[in-house]
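**Student:** Give me a 3D structure for the following:
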Amino acid sequence: MWGRVRGIGSRVIGRWRAEERAGRKERAGREKRPHNLFEAAAAYVSACADDDQDRIDEAAGWVSPEALSFGVNELACRAVIALARERDESPGTVARALLGLPAA
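**Tutor:** Coordinates of the predicted model:
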């Protein structure tokens, strides 16, 4: 008799654990949404500025290397344009100044 009770109990616990695992996977799927390339680029560049290798690696894994490269390029273009407008200078002058190059 106790063997039957034990068997039923282990089946119930097994099902409960399976449901719990399925629920965790479902919650994890809802919480994780795909990152877009601009989020990845912003996280990557800010992590590089902070010299945080863990965040750099994390952001680099969000999208393909090609997409990350495009996003970083787009971010750089927008940043140079914004600084150029703020400083009332040409984008070329600002870009060269940011890179420490002499004025052309």
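**Student:** from what I can see A84 touches A97, true?
**Tutor:** No - at 10.0 Å, A84 and A97 do not qualify as touching, with contact defined as C-beta atoms under 8 Å. Backbone N, C-alpha and C define where each C-beta goes, glycine included.
**Student:** Kindly tell me how buried L99 is, as a neighbour count.
**Tutor:** Neighbourhood size, L99 [other C-beta atoms under 10 Å]: 7.
**Student:** let me fix that: V94
**Tutor:** Residues near V94, counting by other C-beta under 10 Å: 19.
**Student:** buried set for stretch 62-73?
**Tutor:** Neighbour counts over stretch 62-73 (16 or more other C-beta atoms under 10 Å) mark 62-63, 67-68, 71-72 as buried.
**Student:** of all those residues, which comes closest to R33?
**Tutor:** Lowest distance from R33 to the buried residues of stretch 62-73 (C-beta to C-beta) belongs to W62, with 10.8 Å.
**Student:** tell me which element E58 is part of?
**Tutor:** Assigned by DSSP states H and E, E58 belongs to helix 53-60.
**Student:** Which strands or helices does that helix pack on?
**Tutor:** Using 3 or more C-beta pairs under 8 Å, 6 or more residues apart in numbering; DSSP states H and E, the elements in contact with helix 53-60 are helix 37-50.
**Student:** what do you get if the cut-off is 10 Å, keeping everything else the same?
**Tutor:** helix 37-50, helix 65-87 (3 or more C-beta pairs under 10 Å, 6 or more residues apart in numbering; DSSP states H and E).
**Student:** Deepest-packed of those helices, please.
**Tutor:** Greatest average neighbour count among the helices and strands packed on helix 53-60 goes to helix 37-50 (a mean of 17), per mean count of other C-beta atoms under 10 Å.
**Student:** As CSV, could you dump the C-alpha coordinates of that one?
**Tutor:** C-alpha atoms of helix 37-50 as CSV (Å, rounded to 0.1, in the frame of the first residue of the first chain):
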residue,chain,number,x,y,z
LEU,A,37,20.6,47.2,-33.3
PHE,A,38,20.4,50.7,-32.0
GLU,A,39,20.0,49.5,-28.4
ALA,A,40,22.9,47.2,-28.9
ALA,A,41,25.0,50.0,-30.4
ALA,A,42,24.2,52.4,-27.5
ALA,A,43,25.0,49.8,-24.9
TYR,A,44,28.2,48.8,-26.7
VAL,A,45,29.5,52.3,-27.1
SER,A,46,28.6,53.3,-23.6
ALA,A,47,30.3,50.2,-22.3
CYS,A,48,33.4,50.9,-24.3
ALA,A,49,33.5,54.5,-22.9
ASP,A,50,33.3,53.0,-19.4
